[in-house]
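Undergrad: model the structure of this input:
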Amino acid sequence: MNVKLVTATLIIMINVQSICIGQSPQFGMFEGHGDVGQPALPGSSSYNKLTQEYTLQGAGVNMWGSTDQFHFLWKKIKGDFIISATIRFVGNGRHDHRKIGIMAREKLTPDSRYADACVHGDELSSLQFRTSDGAQTEQVAVSSYHPTDIELQRTGNTFTFSAAVFGENYKSVTKDLSLPDEIFAGLFICSHDETIVENAVFSNVRVIIPAPATFVPYRDYIGSHLEIMDVFSGRRKILHTAPNSLQAPNWTNDGKHLIYNSEGLLYTYQLSDGKISQLNTGFAKQNNNDHVLSFDGKRIAISNHVGEKRVSTLFVLPITGSDKPIQITSVDSGHSYLHGWSPDGRKLIFTGHRNNRYDIYTIDIATKKEIALTNTPSLDDGPEYTPDGRYIYFNSVRTGTMKIWRMKPDGSQQEQVTFDEYNDWFPHISPDNKWIVYLSFPKDINPSDHPFYKKVYIKLMPSAGGVPRTIGYVYGGQGSINVPSWSPDSRWVGFVSNSGQ
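TA: All right, here's what the predicted structure looks like:
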């Protein structure tokens, strides 16, 4: 395949996507904008629907003391929220304390109560806050210097500012602050000099209403964003937004489509025009999010729930769809959760519930013979062959924390690959065999679980070994990136993020 041609095609396709549902052409996902505190020079806000970036211009003497001057792009939000963004000043600036960030504010008056995630032109980043109207501003500094990625989260009356330089994990500070249930929340800029107007660009902006505390997994769902991300820059783009659950996109070998799961069915998203079509899977209409394309791109394997006991069972069909998928695993054997193909297309690899535990198996498509590759009392999951067939990567909780492992195709030489305190799931190897992306869940979850609706990281590491880098700061989890989702040029990945709005 001509990688340069595919790369050029992908860039063209990505640039013609329509604006996602719920965004206005003028303000994107926000409702209004304006200057607060009457700066001497007016500010402005604009939204580029092609790049999904916001550009803010603003002046203002300061945001400190008992009164503020700045430009604010906002929307009204009730209750808990998470707002995140990738940020950058435009130009060198004139004042070290020029400010940009994310704010939650009671009123649009200059002395209002507020909390913000504030990044200065110098090395200071802090959670600034005013406890009552007209009170003096206070702050809690966060130990992230010149962060590129920031987040402001509200949980009740607790506000958390998280910040990171791209490639790093968040560092966070918190403050309890009493604000009304409904507030103005959004992006801001202040020049710290009433004689000049500063500029800043906010990309990867996400306004997230998290799942409620009453959420019941696999019964209740919140909305979904189908996204793609450049793994080397972290640049993200929302392609499609839906109010229900979308899960686990694959990228087709021709670079033209994403295939994803929703409510038991599979759909194709056409990158050139955003057209969505149901993929014909015949009688298999209870598919879970384990669906994988063969290495040659001609076939797709699925995991479909069969019978009253809803046993996850593997089937194979052409990539174009079929009325009669071919059954591969036996219902009587137990649950089989698909995760990959062998490079020669002769075997499927899956997580099988056999002997009252979950291990990794291969099955020969022609003979239906299963072979167990792992044999441990703890959970092994997420197996995937490398494109050259030399290794199988998987995740295992055998050391107490879910980590990435690898082994030879016959199950020998099992060795741990990741080592930090996070719970790592679903390693996916790039088509050029150089990179691995995987999902990291927080350390406070059950390591044998991969739950919905958590703040998670998408991480990238060289397949030859090395230190993982955080490339995606995502609200999601189960269904976000369960299956191989690399673009054919090994530059982009598809995934799903979530929001309750």
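Undergrad: can we go C-alpha only for contacts and neighbour counts from here?
TA: Will do.
Undergrad: give me the neighbour count for S84.
TA: 28 (other CA atoms under 10 Å).
Undergrad: shouldn't it be in contact with I209?
TA: No. Using CA atoms under 8 Å, S84 is not in contact with I209, being 11.7 Å away.
Undergrad: got the buried residues for stretch 329-341?
TA: T329, V331, G334, H335, S336, Y337, L338, H339, G340, W341 (16 or more other CA atoms under 10 Å).
Undergrad: ok, residues contacting it?
TA: 290-295, 301-303, 306, 311-315, 347-354, 363, 368, 382-385, 483 (CA atoms under 8 Å, 6 or more residues apart in numbering).
Undergrad: state the mean pLDDT of it.
TA: On average, the pLDDT along stretch 329-341 is 98.
Undergrad: kindly report the same for stretch 296-315.
TA: 97.
Undergrad: can I get that stretch as PDB, trimmed to CA atoms?
TA: C-alpha atoms of stretch 296-315 as PDB (Å, rounded to 0.1, in the frame of the first residue of the first chain):
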ATOM      1  CA  ASP A 296      -5.800  -8.300   4.400                       C
ATOM      2  CA  GLY A 297      -8.900  -6.300   5.100                       C
ATOM      3  CA  LYS A 298     -11.200  -8.700   3.300                       C
ATOM      4  CA  ARG A 299     -13.000 -10.300   6.300                       C
ATOM      5  CA  ILE A 300     -14.400  -9.200   9.600                       C
ATOM      6  CA  ALA A 301     -14.800 -11.400  12.700                       C
ATOM      7  CA  ILE A 302     -17.500 -10.600  15.300                       C
ATOM      8  CA  SER A 303     -18.500 -11.700  18.800                       C
ATOM      9  CA  ASN A 304     -22.300 -12.200  18.800                       C
ATOM     10  CA  HIS A 305     -24.400 -13.200  21.800                       C
ATOM     11  CA  VAL A 306     -26.200 -16.400  21.100                       C
ATOM     12  CA  GLY A 307     -29.200 -18.100  22.800                       C
ATOM     13  CA  GLU A 308     -31.000 -17.400  26.000                       C
ATOM     14  CA  LYS A 309     -27.800 -17.500  28.000                       C
ATOM     15  CA  ARG A 310     -26.300 -14.900  25.600                       C
ATOM     16  CA  VAL A 311     -23.100 -16.800  25.100                       C
ATOM     17  CA  SER A 312     -20.500 -14.600  23.200                       C
ATOM     18  CA  THR A 313     -19.700 -16.600  20.100                       C
ATOM     19  CA  LEU A 314     -17.300 -15.900  17.300                       C
ATOM     20  CA  PHE A 315     -18.400 -15.600  13.600                       C
END
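Undergrad: and P110, how close does it get to F159?
TA: Here the criterion is CA to CA, to the nearest Å. By it, P110 lies 20 Å from F159.
Undergrad: my error: substitute H353 in the last question.
TA: From H353 to F159 the distance is 42 Å (CA to CA).
Undergrad: which of these two has more neighbours?
TA: Just comparing H353 and F159: by other CA under 10 Å the higher neighbour count belongs to F159, 25 against 18.
Undergrad: the more buried one touches A115, doesn't it?
TA: Yes. Between F159 and A115 there is a contact under CA under 8 Å: 7.2 Å.
Undergrad: which residues do these two both contact?
TA: Counting by CA under 8 Å, 6+ apart, the residues touching both F159 and A115 are L177.
Undergrad: I'd say G93 and E198 touch.
TA: Yes. Using CA under 8 Å, G93 makes contact with E198 at a distance of 7.0 Å.
Undergrad: neighbour count winner among these two?
TA: Between G93 and E198, E198 has the larger neighbour count (other CA under 10 Å), namely 25 against 15.
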